[in-house]
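In: coords please:
(chains A and B)
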Amino acid sequence: MTIPNTHNGIDPDELAVVHACRAWPFEEARRLIARLDRLGGDPQRPVVFETGYGPSGLPHIGTFGEVARTSMVRHAFEVLTEGRRKTRLVCFSDDMDGLRKVPGNVPNGDMLAEYLDKPLTSVPDPFGTHESFAHHNNARLRSFLDQFGFEYEFLSATDCYRSGMMDATLLRMLEVYDQVMDIILPTLGPERRATYSPFLPVSPRTGRVLQVPMVERNAKAGTIVYLDPETGEKVETKVTGGAVKCQWKADWAMRWVALDVDYEMAGKDLIDSVALSSRICKALGSTPPEGFNYELFLDDKGQKISKTKGNGLSIEEWLTYASPESLSLYMYQKPKTAKRLFFDVIPKAVDEYLAHIAKFPSESPKQRLENPAWHIHSGHPPAAELPISFALLLNLVSASNAHDAGVLWGFIKRHVPGASPERYPLLDKLVGYAVRYYADFVKPQKQFRAATATEAAALAALDRALADAAPDATAETLQNIVYEAGKSNGYDKDTLRDWFRGIYEVLLGESQGPRFGSFIALYGIPETRRLIADGLSGRLLAA
RNA sequence: GGGCGGGUAGCUCAGUGGUAGAGCAUUUGACUUUUAAUCAAAUGGUCGUGGGUUCGAUCCCCACCCCGCUCACCA
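Out: Down below sits the predicted model:
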């Protein structure tokens, strides 16, 4: 998937109607344009879109959603402004944050325990592959984003603090310290209120990020004074150069100001935080970015998805059974509605995505701008023609017991004469997904059983008959052979149904299956004979 | 309590200021020398309630009811 985010090649017909387009990325872009108009300022300054990331965990489906959606707004903005404004998408990693607790999903957890509260960039990498735990997770984040082709700039909080990029804003924060306290303190419980400070000094003695109250402040010198929680000594430290980091709501505001952030989305659980950070941002003398609150995802039972619960669907799971484009579509649709995110939404998303790219070329400019595929592919969806839907493919793979792409293609060709992987490369990808679906969902459901004496005799007869069958026998001929093997071994017109059910249960592990003559033709006569042998010997049962 | 989202067919959900849509489910038919699948068709809705704006409201506005999520410690 490519999200080039260039304004190049804007269709003039589309441009003519873009101002009437109500698709949400355009509505967002318009709010952003209104902000820029309000603010005035340098038209040469790049417009900054930010997404934030906490490197104590791994990137997940929400990370994808936020970057994908932000990229859609960014592209809509570039089209609306006809490329006259430069844009940047900053992916900011809050990697100076202290290690709160030892994550359960990493090796060498014991080793990590002694680094609690140290900045994540000062915690050794438990995987042993990077300079620090944060570096490791940052790298994971970047390769995660890169695999989708997102265009972004990565920024490390630690680098930003240490480089002095934040210094001016940090000094400003010190000047308006009282205002910041007035904003935050009323929102805190009494316990935290006693210790709160927008500045979290990094102890020169222990290297830990401290949550301690300030006992003195010197705005002119740019320093703060606190008591070392263990020694009780007074410590004076600069707020600049990475000697302190900000508590997160202050940090967010500080970042907006220091990086000139114009647009940032957040989940709706952060609505209050955004409001507080915005007030701090104003206290710093700046204007908070335009924001957008997207809904959280629910699992199949309508419960909130949480990583610790492990409910819902991971991005790995989605990408195992469907394309990133289908996931982009899911993210595009109704960002403000709480949507269920579980396996069953995947086939629908895939088929809707396919339908959108299929109808795109014949649509009017206005329709194209409201076509999700336009937003998923930055205005240029690929051409695509699909003879069958993904939902049908999943049915086919289950019904036909097609355990590999070749067999499945055999069934597809019966269904759609002339189809081939070369002619329908996109369908071939879907075939790959369908086969995985089969392996993971259909196959485990199979329940093989031993053949009864009658079935064993009939199967043996079938095997002998197949041995004599022409290698190129038609499905029709093979179906007759199956039929005969049953009729001459204890089944009659009324019980023939049992014969077929027996075949499915013994050989395929299901009580229903494909038309068996067709199955043999596609699966192969020698292969079918081996399957019969395995069924009779009990090997299928054992496996 | 504050904030947000939702209430449309049996189910899951689209959608639009002008005769209401899809998928699944159900029913029927076609094709199959068993099924499944597939194909065709049909059935099915006072668009949460009450007002308002309008020639006209499921859609816009107001109020209300119900459901869900979220925040109130930390990030």
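
In: Tell me who's in contact with the most centrally placed residue in chain A.
Out: The centroid of chain A falls nearest to residue A:61 when counting by CA atoms, centre = their mean (3.0 Å). Shown here is residue A:61, whose contacts under the criterion CB atoms under 8 Å, 6 or more residues apart in numbering are A:297, A:312-315, A:318, A:327, A:341. For every residue, glycine as well, the C-beta is placed using N, CA and C.

In: what's stretch A:427-444 in contact with?
Out: By CB under 8 Å, 6+ apart, the residues outside stretch A:427-444 that reach it are A:320-323, A:350, A:386-388, A:390, A:393-394, A:396-398, A:401-405, A:408-409, A:412, A:419, A:421.

In: which bits of the stretch 101-250 of chain A sit near RNA strand B?
Out: Near RNA strand B, the residues belonging to the stretch 101-250 of chain A are A:187-189, A:192, A:196, A:211, A:247-249 when assessed by CB under 7 Å from any atom of the strand.

In: Narrow those residues to those in helices?
Out: Under the assignment DSSP state H, these contribute A:192, A:248-249 to helices.

In: which among those end up buried?
Out: Among those, the ones that count as buried by 16 or more other CB atoms under 10 Å are A:248-249.

In: Adding pLDDT and distance to residue A:304, write the ones in helices among the residues of the stretch 101-250 of chain A next to RNA strand B out as a markdown table.
Out: As requested, these are arranged in a markdown table below (pLDDT from 0 to 100; distance: CB to CB, whole Å):
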| residue | pLDDT | distance to residue A:304 |
| --- | --- | --- |
| A:192 | 85 | 25 |
| A:248 | 90 | 21 |
| A:249 | 92 | 22 |
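
In: out of the contacts of stretch A:427-444, which touch RNA strand B?
Out: When CB under 7 Å from any atom of the strand is applied, the members of the contacts of stretch A:427-444 adjacent to RNA strand B are residue A:396.

In: Any of the contacts of stretch A:427-444 buried? List them.
Out: Members of the contacts of stretch A:427-444 that pass the buried threshold by neighbour count (16+ other CB under 10 Å) are listed as A:321-323, A:350, A:386, A:388, A:390, A:393-394, A:396-398, A:401-402, A:405, A:408-409, A:412, A:419.

In: what's downstream of the longest helix seen in chain A, the next helix or strand?
Out: Counting by DSSP H, the longest helix found in chain A is helix A:61-80. Toward the C-terminus, helix A:61-80 is succeeded by strand A:87-93 as the next helix or strand (DSSP states H and E).

In: what does whichever helix or strand comes after that following strand rub up against?
Out: Moving toward the C-terminus from strand A:87-93, the first helix or strand encountered (DSSP H and E) is helix A:109-113. Residues lying outside helix A:109-113 but in contact with it, judged by CB under 8 Å, 6+ apart, are A:99, A:102-103, A:106, A:123-124, A:126, A:133.

In: got any ranges where the stretch 251-400 of chain A has weak pLDDT?
Out: Segments of the stretch 251-400 of chain A classed as low confidence (criterion: pLDDT under 70) are A:302, A:306-312.

In: Do a quick rundown of the strands in it.
Out: With DSSP state E, counting those that start in this stretch as the criterion, the stretch 251-400 of chain A has strands at A:261-267, A:290-294, A:297-298, A:339-340.

In: Can you give me the neighbour number for residue A:298?
Out: Burial of residue A:298, expressed as a neighbour count using other CB atoms under 10 Å, amounts to 17.

In: what's the answer for residue A:200, then?
Out: Other residues near residue A:200 come to 23 when the count uses other CB under 10 Å.

In: Provide the backbone phi and psi angles at it.
Out: Per-residue torsions, residue A:200: phi -110, psi 100 (degrees, to the nearest 10).

In: Determine whether any part of the helix or strand containing residue A:429 lies close to RNA strand B.
Out: When elements are defined using DSSP H and E, residue A:429 is found to belong to helix A:425-437. No - with CB under 7 Å from any atom of the strand as the measure, helix A:425-437 is seen stopping short of RNA strand B, the closest distance being 12.6 Å.

In: Could you check how far stretch A:23-34 is from the centre of its chain?
Out: For stretch A:23-34, the distance between its averaged C-alpha position and the chain's averaged C-alpha position is 24 Å (CA atoms, centre = their mean, to the nearest Å).

In: Then stretch A:467-477?
Out: Taking CA atoms, centre = their mean, one finds stretch A:467-477 lying 48 Å from the centre of the chain it belongs to.

In: C-alpha coordinates for that stretch, CSV please?
Out: Taking C-alpha atoms only, stretch A:467-477 is exported to CSV below (Å, rounded to 0.1, in the frame of the first residue of the first chain):
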residue,chain,number,x,y,z
ALA,A,467,-6.9,-46.9,-9.9
ASP,A,468,-8.5,-47.9,-13.2
ALA,A,469,-9.9,-44.4,-14.0
ALA,A,470,-8.3,-42.4,-16.8
PRO,A,471,-6.0,-39.8,-15.5
ASP,A,472,-8.0,-37.1,-17.3
ALA,A,473,-11.4,-38.4,-16.3
THR,A,474,-14.0,-35.7,-16.0
ALA,A,475,-15.7,-34.6,-12.8
GLU,A,476,-18.9,-36.2,-14.2
THR,A,477,-17.2,-39.5,-14.8
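
In: Buried residues of that stretch, list them for me.
Out: Those buried within stretch A:467-477 under the rule 16+ other CB under 10 Å are A:469, A:473, A:475.

In: Thought residue A:525 was touching the last one, still the case?
Out: By that I understand residue A:475. No - taking CB atoms under 8 Å as the contact criterion, residue A:475 and residue A:525 are not neighbours in contact, 11.6 Å apart.

In: can you pull the buried residues of stretch A:156-168?
Out: For stretch A:156-168, a neighbour-count test (16+ other CB under 10 Å) marks A:156-158, A:160-162, A:166-167 as buried.

In: Closest one of these to RNA strand B?
Out: Here the nearest of those to RNA strand B, counting by CB to the nearest atom of the strand, is residue A:157; it sits at 9.8 Å.

In: Could I get the pLDDT score of that closest one?
Out: Per-residue confidence at residue A:157 stands at 96 (pLDDT).

In: Who's the closest spatial neighbour of it, skipping the chain neighbours?
Out: Counting by CB to CB, 6 or more residues apart in numbering, the nearest residue to residue A:157 once its immediate chain neighbours are dropped is residue A:96, at 4.4 Å.

In: got it, and residue A:411?
Out: Spatial nearest neighbour of residue A:411, chain neighbours left out: residue A:400 (4.6 Å); criterion: CB to CB, 6+ apart.

In: roughly how far apart are the one you found and residue A:239?
Out: Distance check for residue A:400 against residue A:239: by CB to CB, to the nearest Å, it reads 67 Å.

In: ditto for residue A:56
Out: Distance, residue A:56 to residue A:239, by CB to CB: 24 Å.
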